[in-house]
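>>> This is a predicted model, with the sequence first.
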Amino acid sequence: MSRLDTLQAALETVLGDKLKKLVSDRGEISITVAAADYESVALTLRDHAELHFEQLIDLCGMDYSSYKDQAWEGARYGVVSHLLSVNKNWRLRLKVFCPDDDVPAIASLGEVWSSSNWFEREAFDLYGIIFEGHLDLRRILTDYGFIGHPMRKDFPTSGHVEMRYDPEQKRVIYQPVTIEPREITPRIIREDNYGGLH
């Protein structure tokens, strides 16, 4: 039995019906759990002797509204975490979807893995996902006055305002975007013998 098979069997046994979906592909396992089970599953993944995922190495928000350029059935916003067990020498991808598309919210994993702190702030800033129970949920990459969440697929690519330093006022100022929007479509070469090449 391979190490991946051992991990899969342990996940199925330990998590049972809390496991909504398990995918083993390209030497990695991804599991999806319900929002209501998210925090308890995270605690189990960390504390159970057969799993022992002591480190959260990454967490990011996702906007699935046009996933793979197709219509998406299901919740729009999700959170994907990558976990590491140094003790067992294996990795796991943990997925959860926010139940409300209008106000995406999910439990914070700050009490489970402290490394989630800034990752959750980034997902809040860029996607607008609220992490309930987070101790300091505020923007981390955009400016405090920034309006919107720039990684959402419906966010305008040019934005609404731009900021610059004004030497006369000796401060940063905001002004309406001055860049003219234009559409740039790259030329796609499909001919087999383009330019005389065979």
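Great, that's in hand.

>>> next SSE after the strand or helix carrying residue 120?
Residue 120 is part of helix 116-127, with elements assigned from DSSP states H and E. Where DSSP H and E defines the elements, the next helix or strand beyond helix 116-127 is strand 130-132.

>>> My reading is that residue 96 is in a strand; is that accurate?
Yes - counting by DSSP: H, G, I helix; E, B strand; the rest coil, residue 96 is found in a strand.

>>> Please report how far it lies from residue 108.
12 Å (CB to CB, to the nearest Å). C-betas here are computed from N, CA, C, even on glycine.

>>> try residue 37
The spacing between residue 37 and residue 108, counted by CB to CB, is 15 Å.

>>> Which residue of those two possesses the greater neighbour count?
residue 108 (20 against 17; other CB atoms under 10 Å).

>>> wait, what's in contact with that one?
116, 120, 131, 132, 133, 134, 137 (CB atoms under 8 Å, 6 or more residues apart in numbering).

>>> Show the residue spans covered by the strands in this structure.
Here the chain has its strands, by DSSP state E, at 21-25, 28-33, 55-63, 77-85, 90-97, 105-107, 130-132, 161-166, 171-176.

>>> quick one: average pLDDT of stretch 98-107?
Computed over stretch 98-107, the mean pLDDT rounds to 96.

>>> Find the least confident helix or strand in this protein, judged by mean pLDDT.
Lowest by mean pLDDT, DSSP states H and E among the helices and strands of the chain is strand 161-166, with a mean of 84.

>>> helices or strands up against that strand?
strand 171-176 (3 or more CB pairs under 8 Å, 6 or more residues apart in numbering; DSSP states H and E).

>>> Starting from the strand it packs on, tell me which strands it pairs with and how they run.
The pairing partners recorded for strand 171-176 under DSSP bridges are strand 161-166 (antiparallel).

>>> Which ChimeraX command selects the buried ones in the contacts of residue 108?
Per 16 or more other CB atoms under 10 Å, the buried members of these correspond to this ChimeraX selection:
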select :116,120,131,134,137
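
>>> Most widely separated two among the contacts of residue 108?
Using CB to CB, those reach their maximum pairwise distance at 116 and 132, which is 12.8 Å.

>>> Any idea how many residues pack against the closest residue to residue 40 other than its chain neighbours?
Once flanking residues are discounted, residue 40 sits nearest to residue 18: 7.5 Å by CB to CB, 6 or more residues apart in numbering. Applying other CB under 10 Å, we find 16 residues neighbouring residue 18.
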